[in-house]
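> sequence first, predicted model second:
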Amino acid sequence: MKETIIELLGQALDSLKADGTIPSDASPQIKVDPTKDKTHGDYASNLAMMLSKAAGMKPRDLAEKLIAALPASEAVSKVEIAGPGFLNFFADTGAVADIVRRVFSEGEQFGHSEFGRGEKVQVEFVSANPTGPLHVGHGRGAAVGDVLCRLLSATGHDVTREFYYNDAGAQIDNLALSTQARTKGLGPDDASWPENGYRGDYISELAASYMAGDTVEADGKQVTGAADTDDLDAIRVFAVAYLRHEQDLDLKAFGVEFDVYFLESSLYSEGKVEETVKRLVDNGYTYEDDGALWLRTTDFGDDKDRVMRKRDGGYTYFLPDVAYHFDKWQRGFTQVINEQGADHHSTVTRVRAGLQALKADIPKGWPDYVLHQMVTVMRSGKEVKLSKRAGSYVTLRDLIEEVGRDATRYFLAARRADSQLTFDIDLARSQSNDNPVYYIQYAHARVHSVLRKADREDKSFDETLAMAQLTLLTSDQEKAVMNRMAQFPDVVSHAARVREPQQVAQYLQDLSSDFHTCYNAVKVMVEDNATRNARLALGLATAQVIRNGLALLGVSAPEEM
RNA sequence: GCGCCUAUAGCUCAACCGGAUAGAGCAACGGCCUUCUAAGCCGUAGGUUGCAGGUUCGAGUCCUGCUGGGCGUACCA
């Protein structure tokens, strides 16, 4: 429908150019949007206002000329000029109902598009270091990143999901020492407990597993606990594998999968770090000072230069970060999106600066970042800060166990990433109209409930009949649902383009609301065969769109609740 | 101090890369279950979009300044 109107306006534009009303070099992007207010018709365009200056005419006068030049179309029943110069299009009932036919024929593919065809995109998300269970913040990253991946896949991109973790640095040494202390029966309150050691109970479990000689599998490798309290290397390797395995279980419970787990240590073992250093030095952006090797990131917009190699000879985290992203670039990703917590935002300028200094023709704004703000968890109106197991934070697993996967995913993905999120456990658990997840799922279940009733009464859905009778869907409520369904493909491609998963959630709430209104106003199971089947078709199409939308969020669409 | 993010109804949040009268839910009040699931619907009330300027036909949206909040500002990650 929208495409039809754009097409019609394009033709009108051409004929006005031909007769000299509009300069022939004017080539505005024709914008047609669904209206918010139905007295404004179904679609509106601001074209006359956009062109008024170029044409040297008042918008309303130009609008009249546009309408006069508009080819006739069966899809449009009326066009009006309104307000400062909007063109309001009223869609013909049959044209509106075409959307039902389209949803039926496209099924699961409805809403998908091809605009990203051929684009190789990588999304790096979660990237938690293996020093503990995943917490709520990681959960937000997992939800946002996962939905982004689904959106990009749905819009035709070739998506790689990647998880990067540090398996070697100082934090891992700390982990190994903490585990070792536990194997010796020490606790955080003992005098010889390592400074800044990890204090959570999970370290005890890990130590016990190591001492029991358990075998854990992570990233395709099996590691068996050596049960030797003095072998720090064995403890380190086991601890990393054990916690990576734990995180895998967290992710699995959340329904998130990755294609690639990238180890920071591989950057060293494969010489990528050295190669990066050499390149930066050769390019002349480095200098030695105070025993350390610095990179002149200020040449690329950073506010101070950064240390690459410390006085003690070790590298700062910054350098492997640059090496890692260089590796991403070399793997051919034209787009890379890094989803991470906003508390790491200071790395953005730095990594981009480092990449520019490589002189490898990497675009200035590459890679892209989606940063999510802090999550606080509330229960009974009070902030929840502690998990018994992890000590200082709320784990993702706790949350999933308590409120369920669907609600957890929905709540973490339904807000803009760049605003702080309050996760209200009571709300997420409530099985009531307070809870948007159930509100949407309920709309889906209701359709299937009607369908079951139709089957029970020997009035099963007849698709052929229904498709021939769609013009019977004439009520305001039915039209509202159809107009809303027609927006879905735009919502998906826009959400993918601007990297905003919450737009899908918002849309589903709107569609569900339209459906519930319709459900209460228009009875489906009427005697008249044609009407009943047309309405069943509308319900089924709605359910399909809800299912497609929920699939993008990774949330289930139950047929019964 | 500097950098990034943010400020919308009492509360939690939307608003389709500038569009018409800024929308939902919760909380408040009033209605709707002998009819397809009331996890629902309908209605009432609630706003100077933090403040002040600017850009333009038009600004919650873009720009500048100010104020409040979050995060960051390591030879930690």
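On my side now, so go ahead. Residues are numbered from 1 along each chain as shown, chains lettered A, B, ... in the order given.

> show me which residues of the stretch 201-350 of chain A sit near RNA strand B.
A:264, A:289-292, A:303, A:307, A:310-312, A:314, A:316-318, A:342-347, A:349 (C-beta under 7 Å from any atom of the strand). For glycine as for every other residue, the C-beta is placed from the backbone atoms N, C-alpha and C.

> let's see it at 6 Å
Neighbours of RNA strand B within the stretch 201-350 of chain A, by C-beta under 6 Å from any atom of the strand: A:290-292, A:303, A:307, A:310-311, A:316-317, A:342-346.

> which of these are the two that sit furthest away from each other?
The distance between the two most remote of these (C-beta to C-beta) is 33.1 Å, for A:Gly291 and A:Ala342.

> who has more neighbours out of the two?
Using other C-beta atoms under 10 Å as the criterion, A:Gly291 and A:Ala342 rank with A:Ala342 on top: 16 against 10.

> from A:Tyr164, how far out is that one?
Using C-beta to C-beta, to the nearest Å, A:Ala342 is found at 18 Å from A:Tyr164.

> cool, and A:Gly187?
Plainly put, A:Gly187 is 32 Å away from A:Tyr164 if you go by C-beta to C-beta.

> which one's more surrounded, the two?
Taking other C-beta under 10 Å, A:Gly187 and A:Tyr164 do not tie; A:Tyr164 has more neighbours (23 against 11).

> and the nearest residue to A:Gly365 once chain neighbours are set aside, how many neighbours?
In space, and not counting its chain neighbours, A:Gly365 is closest to A:Arg352: 7.3 Å by C-beta to C-beta, 6 or more residues apart in numbering. A:Arg352 has 23 neighbours, counted by other C-beta under 10 Å.

> who's in contact with A:Arg352?
When contacts are counted by C-beta atoms under 8 Å, 6 or more residues apart in numbering, A:Arg352 touches A:300-301, A:364-367.

> what's the most distant pair in those?
Pairwise over the contacts of A:Arg352, using C-beta to C-beta, the maximum falls at A:Gly301 and A:Pro367, 15.3 Å.

> of the two, which one has the most company?
Shown here are A:Gly301 and A:Pro367; by other C-beta under 10 Å, A:Pro367 has more neighbours (20 against 12).

> the more buried one touches A:Asn338, doesn't it?
Yes: in this structure A:Pro367 lies within contact range of A:Asn338 using C-beta atoms under 8 Å: 5.6 Å.

> strands along the stretch 251-400 of chain A, start to end?
Per DSSP state E, counting those that start in this stretch, the stretch 251-400 of chain A carries strands over the ranges A:260-263, A:286-289, A:292-295, A:306-309, A:335-341, A:368-372, A:375-379, A:382-384.

> now those in CSV, with mean pLDDT?
Output for these, formatted as CSV (pLDDT from 0 to 100):
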stretch, mean pLDDT
strand A:260-263, 95
strand A:286-289, 92
strand A:292-295, 94
strand A:306-309, 93
strand A:335-341, 94
strand A:368-372, 93
strand A:375-379, 88
strand A:382-384, 82
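
> those strands: which one's closest to A:Gly41?
Comparing these by C-beta to C-beta, strand A:368-372 comes nearest, at 36.2 Å.

> pull up the pairing partners for the closest one, direction included.
Looking at strand A:368-372 with DSSP bridges, its partner strands are strand A:335-341 (parallel).

> between the strands of the stretch 251-400 of chain A, which one is closest to A:Thr160.
Within these, the stretch nearest A:Thr160 is strand A:260-263; the backing value is 6.3 Å (C-beta to C-beta).

> what sits up against stretch A:193-211?
A:131-133, A:174-175, A:177-183, A:186-188, A:216, A:225-227, A:229, A:235, A:238-239, A:242-243, A:246, A:388-392.

> just stretch A:470-488 next, same as before
With contact meaning C-beta under 8 Å, 6+ apart, stretch A:470-488 is reached by A:1-2, A:34, A:38, A:42, A:91, A:93-94, A:96-101, A:103, A:110-111, A:507, A:510-511, A:514-515, A:517-518, A:521-522, A:530-531, A:534-535, A:537-538, A:541-542, A:545, A:548-549.

> at 7 Å what do you get?
Residues from elsewhere that reach stretch A:470-488, judged by C-beta atoms under 7 Å, 6 or more residues apart in numbering: A:1, A:34, A:42, A:93-94, A:96-97, A:99-101, A:103, A:110-111, A:507, A:510-511, A:514-515, A:517-518, A:521-522, A:530-531, A:534, A:537-538, A:541-542, A:545.

> what comes up buried for it?
By neighbour count on 16 or more other C-beta atoms under 10 Å, the buried set for stretch A:470-488 is A:470, A:472-473, A:477-488.

> quick check, nearest of the residues you listed to A:Asp14?
Looking across the buried residues of stretch A:470-488 and measuring by C-beta to C-beta, the closest to A:Asp14 is A:Ala486, at 25.8 Å.

> any bit of the helix or strand the closest one falls within sitting next to RNA strand B?
If you go by DSSP states H and E, A:Ala486 is part of helix A:476-498. Yes: residues of helix A:476-498 contacting RNA strand B under C-beta under 6 Å from any atom of the strand: A:490, A:494.
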